[in-house]
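In: how would this look folded up:
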Amino acid sequence: MILHEIETASRSNVEKIQLSRLQQTVSNVYSNVPFYKEQFDHRGIKPEDIQSLEDLKLLPFTRKADLRQHYPFGLFAVPQNQLVRVHASSGTSGKPTVVGYTQNDIDMWSDIVARAIAIGGGKPGEFLHNAYGYGLFTGGLGLHYGSERLGLVTVPVSGGNAERQITLIEDFQPAVICGTPSYILNIAEKMEEQGKDPAQTSVKYGIFGAEPWSEKMRQKIEEKWNLKACDIYGLSEVIGPGVAMECHEDQSGLHIAEDHFLPEIIDPVTLEVLPPGEEGELVFTSLTKEAFPIIRYRTGDIASLSYNECSCGRTTVKMSRVKGRVDDMLIIRGVNVYPSEVEHYLLTVEELSPHYQLHLTRKGTLDCVELHVEIKDEVFTGLQQNMEHEMIYLLTQKIQHIMKSSCLVSMEVKINQPKSIPRSEGKAVRILDKRNSGIEV
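Out: You can find the predicted model right below:
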């Protein structure tokens, strides 16, 4: 195992690098991004005021709404003729957020993702099957360039067409597979329908992300594929995938590329910075980006930070796996619930497949949750395809009890036939809000 120099650096050396790069970034945005200059001036802050990492607290937060308000290029720090690429979000809840890259940004991003793939178990010369979507979404191209930089043979299959995915996995014999966890499960399901066993493929390591997934989901994937499933973190506003990566040796949190990204955890209500170990909203400041540097970006993701040395030998700070998003948290009759919590306990029920949806409804003035799940093929066959069977009633009661005792929320459980819940070729849709217009969230 070859470790990058920064991955085993002392805390003092890491912070020395971070401070120097933070000062450069602050000076850059103050000079070249009118939005930040206005924010700094409003607070009476000048770039020379940043003399320590503690001074980061003086700087303003950046929100996704700020990116949308300055759509498309209002937060870029370089002129258009220095750009080589742009990416953007889907814009399903408003204007898309657009981010840009210089050639140096692309090269740096490739290095970061190459490190991430190595942390997850990838090695030069092996095949990497990339099932992340290509295009404006950063996932596909981010993993692609990093894979090539590390020296893997990269298969740019993208998302969709599970049958084609299966053929390529069988024929090319990849050691690494990348994609959203829900879609990788979908591929496994298609293989099983063809009478094939995913656990018999060549794949040894999985690099999964772009959606929150529970520890139980990890176990399901590892059992089906007989691989090590590792979490990768990133978002386009910060750079894309590779901001943090879980090591295959320990699988207990994600190593942050600290020489490029400065993390914080804040209370999403008071905005106070929280100490290591406490759970809150994840905030990132970029340290090396040219085209689209970003200051104290509120990701909306719920996590915590740990500075303990990992058993893999890396000393970089680790973020916990994302528990959920601030805006995905459901408040049902005063109780906070994250979909990932529901998933964790749901996957303890052996009769169910790992596919589910939460439907939010309203009865009178009260918000209610319908939990839609589906039984496994073999269970359905054993019931002689009788959804009125007494076992369905008992299973419904069992699931309701688990949700009430574990998540502290009463849910109406709907058990469905196998393969009746829509499968995803990208990010899984876990919540359907039917309280007003039925918009997917």
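
In: next SSE after the host helix or strand of residue 177?
Out: In the assignment (DSSP states H and E), residue 177 maps to strand 176-179. Following strand 176-179 in sequence order, the next helix or strand is helix 181-193 (DSSP H and E).

In: what sits up against that following helix?
Out: Helix 181-193 is contacted by residues 131, 159, 162-163, 165-166, 169, 177, 179, 197-198, 206, 208-209, 211, 213, 217-218, 220-221, 224-225, 229, 353-355, 419, 423-428 when judged by Cβ atoms under 8 Å, 6 or more residues apart in numbering. Backbone N, C-alpha and C define where each C-beta goes, glycine included.

In: other SSEs contacting the following helix or strand past it?
Out: Next in sequence after helix 181-193, counting helices and strands by DSSP H and E, comes strand 205-209. With contacts taken as 3 or more Cβ pairs under 8 Å, 6 or more residues apart in numbering; DSSP states H and E, strand 205-209 sits against strand 176-179, helix 181-193, helix 215-225, strand 228-235.

In: Nearest to residue 99, out of those?
Out: Nearest of the helices and strands packed on strand 205-209 to residue 99, taken as Cβ to Cβ: strand 228-235 at 9.6 Å.

In: Could you pull up the mean pLDDT of the closest one?
Out: The predicted model gives strand 228-235 an average pLDDT of 97.

In: where does the stretch 51-200 of the chain have low pLDDT?
Out: For the stretch 51-200 of the chain, the stretches with pLDDT under 70 are 90-94.

In: hey, where'd the helices end up in it?
Out: Assigned by DSSP state H, counting those that start in this stretch, the helices in the stretch 51-200 of the chain fall at 64-69, 103-119, 138-150, 162-172, 181-193.

In: Tell me the bridge partners for residue 244.
Out: Beta bridges link residue 244 to residue 233, residue 256, judged by DSSP bridges.

In: just to revisit the earlier point, got the helices and strands packed on strand 205-209 as JSON lines, with mean neighbour count and distance to residue 338 columns?
Out: Below are those laid out as JSON lines (neighbours: other Cβ atoms under 10 Å; distance: least, Cβ to Cβ, whole Å):
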{"stretch": "strand 176-179", "mean neighbour count": "30", "distance to residue 338": "22"}
{"stretch": "helix 181-193", "mean neighbour count": "21", "distance to residue 338": "16"}
{"stretch": "helix 215-225", "mean neighbour count": "18", "distance to residue 338": "13"}
{"stretch": "strand 228-235", "mean neighbour count": "24", "distance to residue 338": "16"}
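
In: other SSEs contacting the top helix by length along the chain?
Out: The helix that spans the most residues within the chain, counting by DSSP state H, is helix 11-32. Applying 3+ Cβ pairs under 8 Å, 6+ apart, one finds that helix 11-32 contacts helix 34-42, strand 280-286.

In: Tell me the helices and strands packed up against the longest one.
Out: Based on contacts counted as 3+ Cβ pairs under 8 Å, 6+ apart, the elements that helix 34-42 packs against are helix 11-32.

In: Could you list the residues in contact with the helix it packs on?
Out: Identification of contacts with helix 11-32 by Cβ under 8 Å, 6+ apart yields 6, 9, 36-37, 40, 46-47, 50, 52-53, 56, 59, 77-78, 258-259, 262, 285-290, 293, 295, 307, 315-316.

In: Among those residues, which lie within strands?
Out: 262, 285-286 (DSSP state E).

In: now, among the residues you listed, which is nearest to residue 125?
Out: Closest to residue 125, out of all of the ones in strands among the contacts of helix 11-32 and judged by Cβ to Cβ, is residue 286, at 31.8 Å.

In: hmm, back to that, need the helices of the stretch 51-200 of the chain in JSON lines (columns: distance to residue 85).
Out: Compiled in JSON lines, the helices of the stretch 51-200 of the chain are given as follows (distance: least, Cβ to Cβ, whole Å):
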{"stretch": "helix 64-69", "distance to residue 85": "17"}
{"stretch": "helix 103-119", "distance to residue 85": "6"}
{"stretch": "helix 138-150", "distance to residue 85": "8"}
{"stretch": "helix 162-172", "distance to residue 85": "26"}
{"stretch": "helix 181-193", "distance to residue 85": "24"}
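
In: Please identify the deepest-packed of the ones you listed.
Out: Greatest average neighbour count among those goes to helix 138-150 (a mean of 25), per mean count of other Cβ atoms under 10 Å.

In: tilt between it and strand 205-209?
Out: Angle of helix 138-150 versus strand 205-209, following axes from the mean of the first three to the mean of the last three Cα atoms, to 10 degrees, is 140 degrees.

In: Which elements pack onto helix 138-150?
Out: Counting contacts by 3+ Cβ pairs under 8 Å, 6+ apart, helix 138-150 packs against helix 103-119, strand 127-130, strand 153-155, strand 228-235, strand 240-246.

In: Other residues contacting that helix?
Out: Outside of helix 138-150, the residues within contact range by Cβ under 8 Å, 6+ apart are 87, 99, 106, 109-118, 122-124, 128, 130, 132-134, 154, 156, 158-159, 176, 178, 207, 209-210, 234-236, 239-242.

In: Kindly report the same for stretch 319-331.
Out: Residues contacting stretch 319-331 (Cβ under 8 Å, 6+ apart): 212-213, 215, 231, 233, 244, 246, 253-254, 256, 263, 268, 279, 281-282, 300-306, 336-341, 358, 360, 367, 369, 431, 441.

In: Filter these down to just the buried residues.
Out: Among these, those buried by neighbour count (16 or more other Cβ atoms under 10 Å) are 212-213, 231, 233, 244, 246, 253-254, 256, 263, 268, 281-282, 300-305, 337-341, 358, 360, 369, 431.

In: Show only the entries of those found in helices.
Out: In helices, defined here by DSSP H, the members of these are 339-341.

In: now, among those, which is nearest to residue 400?
Out: Closest to residue 400 out of these is residue 341 (15.5 Å), distances taken as Cβ to Cβ.

In: Which pLDDT does the model give the closest one?
Out: On pLDDT, residue 341 comes in at 85.

In: Tell me the spacing between it and residue 83.
Out: Distance of residue 341 to residue 83, given as Cβ to Cβ, to the nearest Å: 41 Å.

In: Low-confidence stretches in the stretch 251-400 of the chain?
Out: Where the stretch 251-400 of the chain drops to pLDDT under 70, the residues are 333-334, 365.

In: Which residue ranges of it form strands?
Out: Here the stretch 251-400 of the chain has its strands, by DSSP state E, counting those that start in this stretch, at 254-256, 261-266, 280-286, 297-303, 305-306, 318-319, 324-325, 330-332, 335-337, 352-363, 366-375.
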